[in-house]
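Give me coordinates for this.
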Amino acid sequence: MAALTTGKDNTKVPTKQRPAVYIRRSRADDPEYGFPDEFIELCEEHFDVLYEKNITGNPELGKRVVGAYNRGPSMPISIDELWKFPNLKIVVCSGIGWDHIDVRGLNAHGIKVANNPGVSSNAVADFGITLMLASARRLLEGVPVAMGPKQCQKFNVNWLGNDVSFASLGIVGMGDIGSKVAKRAKAFDMKIYYHNRNRKPEEEESSVGAIYCPTLADLLPRCDYVMITCPLTSETEGMFGENEFKLMKPSATIVNVARGEIIDQEALYNALKNKTIKAAALDVTYPEPLPRDHPLLTLPNIIIAPHMASATAETRKRMLPPLVETVLAVVEGRPLTNEVIL
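As a prediction, this is how the structure comes out:
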């Protein structure tokens, strides 16, 4: 798998062997989690590409791997498999999330971990607003009335949703995604509150009219809508439980475009069933997908999407070049701006 160049007689001749990157599977081998051809072509401009099937057939090839790419809910290489990749320098997550990666375990073996921040933020923010609007306006309930197999003789003009404009929104996690949600919410004339580990500079707050709340207890009682955009960490896991739902307005809706584990799903089920809060709109759950007998699926006041917030053709295309650039930076000894530091 050495790179080829064109010789004087127009024949292909091998050049110095290039470093390799490891991709568990291509889309052809795994339509759900495999990497697309466009990404593999980008990688091949700089690296040889090795797949799981290559390493299984010839473990010696693992010595050539300097970078590994992750896509999906599991690590591309388990800690127990690292012996196959003695020269591995970095594992790169295709998206912003890295909660499924054993960062400390890899770091202990001298392997860096990087994510792909920023590129998907607009798409995720768009989808957070989409979920909020769909829930507020009862869109999923309304569509079957107009499109269902049972003929509807007339529409019920007293069947109402709620305004988003001029309502209050609480953003939990004011990073890149949360900030973009706030910009969109400002266009709806929403009153914006936010909770974050660190307060944002006054200039950033004033640009969207955001009000800082140092605790969830300060934020939750004020908000008609609460949107979770923070990463999943040991501090945020289970952040929303029974007590938090009791702090929210009975008319409030919770939206989650972050990670499912941030919400205690049993507590959410009880809060929705008992009308402690009005509704929920989720892009993420645990597990994914939920089993068909999961209690949340029995409720009429919840929307669950299939973890699709970043799933636009444009965003996925923009996500590809930074992945290649990250491994190149490590190989060339350049500093990383997207390394995951715990």
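
ok, R222 to Y193 distance?
Distance, R222 to Y193, using Cβ to Cβ, to the nearest Å: 6 Å. Placement of C-beta: from N, CA and C, glycine included.

for G95, same thing?
From G95 to Y193 the distance is 27 Å (Cβ to Cβ).

Name the residues contacting each of R222 and Y193.
Shared contacts of R222 and Y193, defined by Cβ atoms under 8 Å, 6 or more residues apart in numbering, are found at 168, 170, 213.

Kindly state the domain boundaries assigned to the chain.
The chain breaks down into these domains under automatic domain parsing: 4-118+313-331, 121-304.

mean pLDDT for the ones you listed: which is lowest?
When the domains of the chain are compared on mean pLDDT, domain 4-118+313-331 scores lowest, with a mean of 89.

how about the strands of the stretch 201-342 of the chain, start to end?
For the stretch 201-342 of the chain, applying DSSP state E, counting those that start in this stretch gives strands covering 210-212, 225-228, 253-256, 279-282, 302-304.

Buried residues in the first one, which are they?
In this case it means strand 210-212. 210, 212 (16 or more other Cβ atoms under 10 Å).

rewinding a little: return the closest of the shared contacts of R222 and Y193 with respect to L272.
In terms of Cβ to Cβ, no member of those lies closer to L272 than G170, at 17.9 Å.

any idea which element that closest one lies in?
Assigned by DSSP states H and E, G170 belongs to strand 168-172.

Listing partners with orientation, what would you give for that strand?
strand 191-195 (parallel), strand 225-228 (parallel) (DSSP bridges).

Tabulate those in CSV, adding columns for mean neighbour count and distance to P250.
Listed next are the strands paired with strand 168-172 as CSV, based on neighbours: other Cβ atoms under 10 Å; distance: least, Cβ to Cβ, whole Å:
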stretch, mean neighbour count, distance to P250
strand 191-195, 22, 18
strand 225-228, 29, 13
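
I79 is nearest to which of these?
Short answer: strand 225-228, nearest of those by Cβ to Cβ, at 29.7 Å.

and P31, how many neighbours does it have?
Counted with other Cβ atoms under 10 Å, residues neighbouring P31 total 9.

Provide the secondary structure category for it.
Secondary structure, DSSP: H, G, I helix; E, B strand; the rest coil: P31 is coil.

distance of it from F188?
38 Å.

So which of the shared contacts of R222 and Y193 is surrounded by the most neighbours?
Most neighbours among these, by other Cβ under 10 Å: G170, with 26 neighbours.

Quick check: the gap between that residue and G333.
Counting by Cβ to Cβ, the gap from G170 to G333 is 43 Å.

among the strands of the stretch 201-342 of the chain, which is nearest S121?
Here strand 225-228 is closest among these (Cβ to Cβ), at 13.5 Å.

Which residues does the closest one contact?
Under Cβ under 8 Å, 6+ apart, the answer for strand 225-228 is 128, 132, 136, 164, 167-173, 178, 181, 190, 219-220, 239-240, 248, 252-258, 262-263.

now do 6 Å
Outside strand 225-228, the residues that touch it by Cβ atoms under 6 Å, 6 or more residues apart in numbering are 128, 132, 169-172, 181, 253-256, 258, 262.

Turn these into CSV, columns for distance to N301.
As requested, these are arranged in CSV below (distance: Cβ to Cβ, whole Å):
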residue, distance to N301
G128, 18
M132, 14
L169, 19
G170, 19
I171, 22
V172, 20
V181, 22
T253, 9
I254, 11
V255, 13
N256, 15
A258, 20
I262, 20
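
Narrow these to those that are buried.
Judged by 16+ other Cβ under 10 Å, buried ones among the contacts of strand 225-228: 128, 132, 169-172, 181, 253-256, 258, 262.

of the residues you listed, closest to Q17?
A258 (42.0 Å).

which non-adjacent residue is nearest that closest one?
What sits nearest to A258 in space, not counting adjacent residues and going by Cβ to Cβ, 6 or more residues apart in numbering, is I228, at 4.6 Å.

Which stretches in the stretch 51-200 of the chain count as helices?
For the stretch 51-200 of the chain, the helices defined by DSSP state H, counting those that start in this stretch cover 52-57, 103-108, 121-136, 139-147, 176-187.

on that earlier part again, any chance of the strands paired with strand 168-172 in CSV, with distance to V327 too?
Output for the strands paired with strand 168-172, formatted as CSV (distance: least, Cβ to Cβ, whole Å):
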stretch, distance to V327
strand 191-195, 35
strand 225-228, 31
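
out of the ones you listed, nearest to T56?
strand 225-228 (39.4 Å).

Show me how far that closest one is from its chain's centre.
From the chain centre to the centre of strand 225-228 is a distance of 16 Å (Cα atoms, centre = their mean, to the nearest Å).

Stretch 207-216 now?
23 Å.

Stretch 128-140 too?
19 Å.

Now the strands of the stretch 201-342 of the chain in JSON lines, please, with extra columns for distance to T56.
Below are the strands of the stretch 201-342 of the chain laid out as JSON lines (distance: least, Cβ to Cβ, whole Å):
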{"stretch": "strand 210-212", "distance to T56": "51"}
{"stretch": "strand 225-228", "distance to T56": "39"}
{"stretch": "strand 253-256", "distance to T56": "38"}
{"stretch": "strand 279-282", "distance to T56": "37"}
{"stretch": "strand 302-304", "distance to T56": "36"}
